[in-house]
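Any chance you could fold what I've pasted below:
(chains A and B)
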Amino acid sequence: MSLKSERRGIHVDQSELLCKKGCGYYGNPAWQGFCSKCWREEYHKARQKQIQDDWELAERLQREEEEAYASSQSTQGAQSLTFSKFEEKKTNEKTRKVTTVKKFFSASSRTGAKKAAQERNLKQGQLGRERNADNILRDLKEIFTPSWELASPTEGNTAQLGELSACSTEIHEAKAPSPSINRQVSIETDRASKEFIEFLKTCHKSGQDIYKQCKIFLEAMHHKRELNIEEQSEYAQDFYQNVAEKLQTRSKVSPEKVEKAMDQIEKYIMTRLYKYVFCPETTDDEKKDLVVQKRIRALHWVTPQMLCVPVNEEIPEVSDMVVKAITDIIEMDSKRVPRDKLACITQCSKHIFNAIKITKNEPASADDFLPTLIYIVLKGNPPRLQSNIQYITRFCNPSRLMTGEDGYYFTNLCCAVAFIEKLDAQSLNLSQEDFDRYMSGQTSPKKQESENWSSDVCLGVKQMYKNLDLLSQLNERQERIVSEAKKLERDLIDWTDGITKEVQDIVEKYPLEIKPKNQPLAAIDSENVENDKLPPPLQPQVYAG
Amino acid sequence: MAAAGSGAGGGGRSFSFKVVLLGEGCVGKTSLVLRYCENKFNDKHITTLQASFLTKKLNIGGKRVNLAIWDTAGQERFHALGPIYYRDSNGAILVYDITDEDSFQKVKNWVKELRKMLGNEICLCIVGNKIDLEKERHVSVQEAETYAESVGAKHYHTSAKQNKGIEELFLDLCKRMIETAQVDERARGNGSSQSGTARRGVQIIDDEPQAQSSGGCCSSG
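Modelled structure (predicted):
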């Protein structure tokens, strides 16, 4: 795991073209700037170290487990006799299993491929819960049993083949320097090899030859693992071509049979190679996957109407088909063989055609099909879309990809992805403003439609849009309240200001004169000082008249 | 460019060809292939689920031909996706509606693009469909035929509705594709240095021993 991230993080400047170790040869970014020879050494060293670490970790974990056990037992000592007996039994069992794990790991100098899984499992085991540990041990056993058993049944089958047995031993010898081919065997690979051998038995003489060629090819691919993925792809394509050619010209096999044989060969070699050539770290496939995934997420608002999808999802049968199509396209990622992946795309396409046929009551043309496929891809957002497409293009038997029906659907899928990547306002018949608004998430075209949504739309989504509506209403109301509150505040301030002003005006108009205290009005009566200065009152005068 | 494989038992050769159908929406591309492969038109009893990918097996003068007909989405918004579709095809059928001048313009655009991208290796057929609507014709026969000749394409008049000219169109196209394939093969046989250039994508499963030299992985077999 650590190795993986370490490898991905390396960037090499254009100037550093030579091998980092300074051996004088040219380096390669795919090999962390080492030349092929130095890189192999480095890689080997790193792997050894990893194995060492794993081993240490396993040992430490075992110690911790034992300690945890000892402590848990001491606390539980007071419990009933039967239970402690049971516990004891379990402990015995556990220690035995742990030693088995240890054995696995000591053997892991050869079986290092599963180390990531082991490490993960063991980290979980650190929790110290014995039940958990037991489960993990069982899992581990499951992982390993097929590899114990593989050699024997395969050999058994080959022995039945008679002639094949000789060549198989030869191949076993050839495999000896590269145990990793043996090591990465899972149940699926095992099944694929069994099927393959069963099939080869029906081919009589040419079967032996095919088997030999495949083994040689796998061996060669193992050595090419450090090469650029395009070169590996080229090599695989050459292999397909050569085998098919040989079957046709030398062994005089009928074209139908050749096709069948090619399918089996593809299945056999690709189940084995999948792990190394699917989304390899040396490419930017993963980055592209993320870009597409993000893009599809950003386009969540695209409606069938915008794409002119001729599918009416209100018909229950149709929506059923749409769901099935989405399931198929998502399932593609889980397959290992390119042909199986193609089969998923074809299955998805068939469901789309059904949906169109039910809606329109006529056979679907490409004009109908492509928009619907785009819609399905947008709705499904299938995992690792770019990686899958790349993997199929690189490693699928080309005769199938270029001419067959599967090839047609695959091409359409490529078109759908290309369309989604480049999609703009114009391609959805939208104005640029609308497109931008939808892209930025300010509004959603679905919101307006939420009223007249059909009944079969997911309840949660409906509820969500209802809630969104409510929220936006609440938001509106709150804004109104805030603005009114502000207005009120302003009014209040205005009012106080107004009052103050009025008061001041009045005060200015009628200034308050405070008369001195010694001149109260009452004084007029009490102290008539000035009265004394007044002229004497007028006396009535009588005029003779 | 031909994906041609040698027949196993019989002495006859067998060819597989990929033919793309190009043209604007509503010109009758789908009806054309449905008529050809199913001999049906606007029929309620059409059994095929889809008309976007159809195959037809032919026998032309002892040569077996597997024809794979790829329909393409004609809407303008999908125009840019064209190259993904017509890559590695042996023939192209460019359909226009004789009552629609615009659709003929689209055909011209396609021709230009195809010649630019694929050169002369691809056999082009320009097809004026809906000749049952002769009265409403907007593209003159003279103009269309002269144009076709000028770009090295053949022109055909068809009516999917009345089943006219369709059989001839496909038969003719197949003959031309066989010819091209054989010429191509001979050229490759002579100049073996050229071999392997078309490895990726186009698949050559023919019986020329051209890949022998590069067959490192089976040299021991």
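
Give me the residues contacting whichever strand or helix holds A:T327.
Using DSSP states H and E, A:T327 sits within helix A:316-331. Applying C-beta atoms under 8 Å, 6 or more residues apart in numbering or on different chains, the contact partners of helix A:316-331 are A:311-313, A:344-345, A:347-349, A:351-352, A:354-355, A:358-359, A:376-377, A:379-380, A:382-383, A:413, A:456. Heads up, the C-betas are built off the backbone N, CA and C, glycines and all.

Name the residues of that helix that come out as buried.
By neighbour count on 16 or more other C-beta atoms under 10 Å in any protein chain shown, the buried set for helix A:316-331 is A:318-326, A:328-331.

List buried residues within the contacts of helix A:316-331.
If we count by 16+ other C-beta under 10 Å, those have these buried: A:311, A:313, A:344-345, A:347-349, A:351-352, A:354-355, A:359, A:376-377, A:379-380, A:382, A:413.

Within range of chain B, give me the residues from the stretch 401-545 of chain A.
Contacts of the stretch 401-545 of chain A with chain B, taken as C-beta under 8 Å from any C-beta of the partner chain, map to A:402-405, A:408-409, A:411, A:414-415, A:418-419, A:422, A:426-427.

In helices, which of the residues you listed appear?
A:402-403, A:405, A:408-409, A:411, A:414-415, A:418-419, A:422 (DSSP state H).

Who wins on neighbours among the residues of the stretch 401-545 of chain A next to chain B?
Most neighbours among those, by other C-beta atoms under 10 Å in any protein chain shown: A:Y408, with 27 neighbours.

quick one, what contacts the residue nearest to that one when sequence neighbours are not counted?
Distances taken as C-beta to C-beta, 6 or more residues apart in numbering or on different chains place B:F53 nearest to A:Y408, at 4.2 Å, with adjacent residues excluded. Counting by C-beta under 8 Å, 6+ apart, B:F53 makes contact with A:405, A:408-409, B:68-71.

A:Q432 now?
Counted by C-beta under 8 Å, 6+ apart, A:Q432 has contacts A:A425.

which residues of the stretch 151-300 of chain A fall in helices?
For the stretch 151-300 of chain A, helices defined by DSSP state H, counting those that start in this stretch occupy the ranges A:163-175, A:180-183, A:187-201, A:205-223, A:229-249, A:255-277, A:285-298.

Need the ones you listed in a markdown table (columns: mean neighbour count, mean pLDDT and distance to chain B).
Shown next, in a markdown table, are the helices of the stretch 151-300 of chain A (neighbours: other C-beta atoms under 10 Å in any protein chain shown; pLDDT from 0 to 100; distance: least, C-beta to the nearest C-beta, whole Å):
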| stretch | mean neighbour count | mean pLDDT | distance to chain B |
| --- | --- | --- | --- |
| helix A:163-175 | 15 | 42 | 10 |
| helix A:180-183 | 15 | 46 | 15 |
| helix A:187-201 | 17 | 80 | 14 |
| helix A:205-223 | 19 | 84 | 5 |
| helix A:229-249 | 20 | 87 | 5 |
| helix A:255-277 | 20 | 86 | 6 |
| helix A:285-298 | 16 | 92 | 16 |
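
With respect to A:W495, which of the ones in helices among the residues of the stretch 401-545 of chain A next to chain B is nearest?
Ranked by distance to A:W495 (C-beta to C-beta), those are led by A:K422 at 61.4 Å.

Quick check: mean pLDDT of stretch A:319-335?
Averaged over stretch A:319-335, pLDDT sits at 93.

cool, stretch B:13-25 as well?
On average, stretch B:13-25 scores 89.

before we move on, what about stretch A:429-440?
87.

Flag whichever of the residues of the stretch 401-545 of chain A next to chain B scores worst on pLDDT.
When those are compared, A:T403 shows the smallest pLDDT, 69.

all strands for chain B, in order.
B:3-6, B:13-22, B:53-60, B:63-71, B:91-97, B:123-129, B:154-157 (DSSP state E).

Output stretch B:155-164 as PDB - backbone C-alpha positions only.
Provided in PDB are the C-alpha atoms of stretch B:155-164 (Å, rounded to 0.1, in the frame of the first residue of the first chain):
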ATOM      1  CA  HIS B 155     -25.100   8.900 -56.000                       C
ATOM      2  CA  TYR B 156     -28.300   6.800 -55.500                       C
ATOM      3  CA  HIS B 157     -32.000   7.600 -55.500                       C
ATOM      4  CA  THR B 158     -34.000   5.700 -53.000                       C
ATOM      5  CA  SER B 159     -37.400   5.400 -51.400                       C
ATOM      6  CA  ALA B 160     -37.600   3.500 -48.200                       C
ATOM      7  CA  LYS B 161     -41.400   3.800 -48.400                       C
ATOM      8  CA  GLN B 162     -41.700   2.200 -51.900                       C
ATOM      9  CA  ASN B 163     -38.600   0.100 -51.500                       C
ATOM     10  CA  LYS B 164     -36.800   1.600 -54.500                       C
END
